[in-house]
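> Prediction below, plus the sequence it came from.
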Amino acid sequence: MTKEASREQTAKAQADEGGRQARDDAQGKEEKEQRQPQRAEVSNYEIVSHYFGKAAERLDLDEDIASVLRSSYREVQVQIPVKQNDGKIHVYAGYRVQHNGARGPYKGGIRFHPEVDLDEVRALAELMTWKTAIVGIPYGGAKGGVNVNPKQLEEGERQSVARSFMDKIEKVLGPTRDIPAPDVGTNAQTMAWLMDEYGKLHGHTPACVTGKPIALEGSYGREAATGRGVVYMYREAAPLLDLKPSETSFVVQGFGNVGSWAARIMQQLGSKMVGVSDAEGAIHSEDGIDADKLGEIIDDGGTVTDYDGAEQLPPDDLIELECDVFIPAALGGMIHKQNADRLNARMVVEGANSPTTPAADDILAGNDVLVVPDVMANAGGVVVSYFEWVQNLQHFRWDEREVNDRLGRMMRKAFREVSARAKEGDVPLRVAAYEQGIERVVEAASTRGYLD
Ligand code: NAD
């Protein structure tokens, strides 16, 4: 079955589960799907494997070592039966993949999304291994997910899914083993439920998950961290294109956690958001869209199309808006062979994971678009997750300024190391970043004796 067919089947299975009031009627749903930009048929796993292969070849990595690094250390798949408010038991699939733990405990988010499958989680886990190594924090790489649509569930049902998932996977988790965090479709509240469930079995253990609410030993600055990190990356890259923040226009694809914070912080620098989208639609305005105002609309349960003072456009056309910086912050595979040529920006800072397929990456390079790759650009979240874990282990809290300053230092260091390497090897930032990450993981694994 092709990936597209499997996505359709998952979507259909979700739709068939019946009865939820929030669900669109069949015709409305079809129309909405037609308005959404298509994702590439190439899978996240193929994207990550391609970039790994390219860097491994340049590093002249032995084939046997490359095959250790290509495969996951552990892949867990569990059944999550949840009795929902319609009185029926719904069965979801939950995954936790631990890719490589040479540099420290496994670390990576948990995603609640109907398209989650093992292939995607595997790819995202591998990406985390390279990401934590690139920014130099002492973690390995992992990822988790449940193929549930959280928007179709009541809060109590979401809580049941989260707790049931934790019950099934807690044996492979823990502050010195594997530490989950939020990702698409999960948030601080989800992490609170996961921590509470873990605590029932192991005693109060705040360091078992990060991205928790402030009231439960979460870290100041964690919610905005990935978006803030994206902006630190833009600031480092801007001089390469002679871009000044106060004269920069930008477009955000996916106004969720990452996209909305990136937009708010870009705006604080004086930059102007001229286009933005979410899963429901897209808007644009030459005069600028106020990211704070839009954030309030979203927090109140609205969508980007509820914003007054901007024109709607087909989400597929967002990529064509003329701007300096395009920030993909939705899902993987959104910039692909069919639309990369239409991208009308000078720089792409990848907030999302795997938003650009290899074919699209080549097209962007041919069009002189500077791409700051996901594996470094969106590492701000895991960096502040690391700070949260450190604070939890010490039961001591830093103030937000300290968190943000430390984040800035780590992101700038990562950018400078990677860009120096890119310059030296005359390769794109992405290849240099993968090389850096792989090299550090190989060194740690060899020093442990794992590769002897
Ligand atoms: P989120 O669920 O908060 O936001 C995702 C946003 O994308 C939502 O606004 C959603 O409506 C929108 N979206 C979904 N499908 C879309 C489509 N077809 N077109 C346009 N918009 C669409 O998720 P998030 O945590 O902000 O994560 C976004 C991306 O960033 C993911 O790729 C995730 O893996 C990556 N990421 C997140 C973090 C983090 O700390 N949250 C860290 C690193 C990377």
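Arrived safely.
> Return the residues of the stretch 251-400 of the chain in contact with the ligand.
Within reach of the ligand by Cβ under 6 Å from any ligand atom, the stretch 251-400 of the chain has these residues: 253-259, 277-279, 315, 329-331, 351-353, 378, 381. No exception for glycine: its C-beta is placed from N, CA and C like everyone else's.
> Keep only those of these that are in helices.
Of the positions in these, Asn257, Val258, Gly259, Gly381 sit in helices, assigned by DSSP state H.
> Number of residues surrounding the nearest residue in space to Arg440 that is not next to it in sequence?
Using Cβ to Cβ, 6 or more residues apart in numbering and skipping residues adjacent in sequence, the residue nearest Arg440 is Ala133, 4.1 Å away. For Ala133, the neighbour count with other Cβ atoms under 10 Å is 29.
> Contacts only, for Ala133.
When contacts are counted by Cβ atoms under 8 Å, 6 or more residues apart in numbering, Ala133 touches Arg103, Gln436, Gly437, Ile438, Arg440, Val441.
> The second one reaches Ser419, doesn't it?
Spelled out, that is Gln436. No. Between Gln436 and Ser419 there is no contact under Cβ atoms under 8 Å: 10.7 Å.
> how would you label Thr210: helix, strand or coil?
coil (DSSP: H, G, I helix; E, B strand; the rest coil).
> That should have said Glu46, apologies.
Reduced to three states by three-state DSSP, Glu46 is helix.
> same deal with Leu61?
Leu61 - assigned by three-state DSSP - is coil.
> Pull the number of nearby residues for it.
For Leu61, the count of nearby residues is 20 (other Cβ under 10 Å).
> Is it in contact with Ile438, as I believe?
Yes. Look at Leu61 against Ile438 with Cβ under 8 Å: they come within range, at 7.1 Å.
> what touches both of these two?
In contact with both Leu61 and Ile438: Leu69, using Cβ under 8 Å, 6+ apart.
> Mind listing what's buried along stretch 131-142?
Neighbour-count burial for stretch 131-142, with 16 or more other Cβ atoms under 10 Å as criterion, is recorded at Lys131, Thr132, Ala133, Ile134, Val135, Gly136, Ile137, Tyr139, Gly140, Gly141, Ala142.
> Strands along the stretch 101-250 of the chain, start to end?
106-112, 141-146, 178-182, 249-253 (DSSP state E, counting those that start in this stretch).
> Can you say which of the ones you listed is packed in most?
Across the strands of the stretch 101-250 of the chain, averaging neighbours per residue (mean count of other Cβ atoms under 10 Å) puts strand 141-146 on top, at a mean of 30.
> That one - what's its average pLDDT?
For strand 141-146, mean pLDDT is 98.
> That strand - contacts with which helices or strands?
Here strand 141-146 touches strand 89-100, strand 106-112, helix 118-134, helix 155-169, strand 178-182, going by 3 or more Cβ pairs under 8 Å, 6 or more residues apart in numbering; DSSP states H and E.
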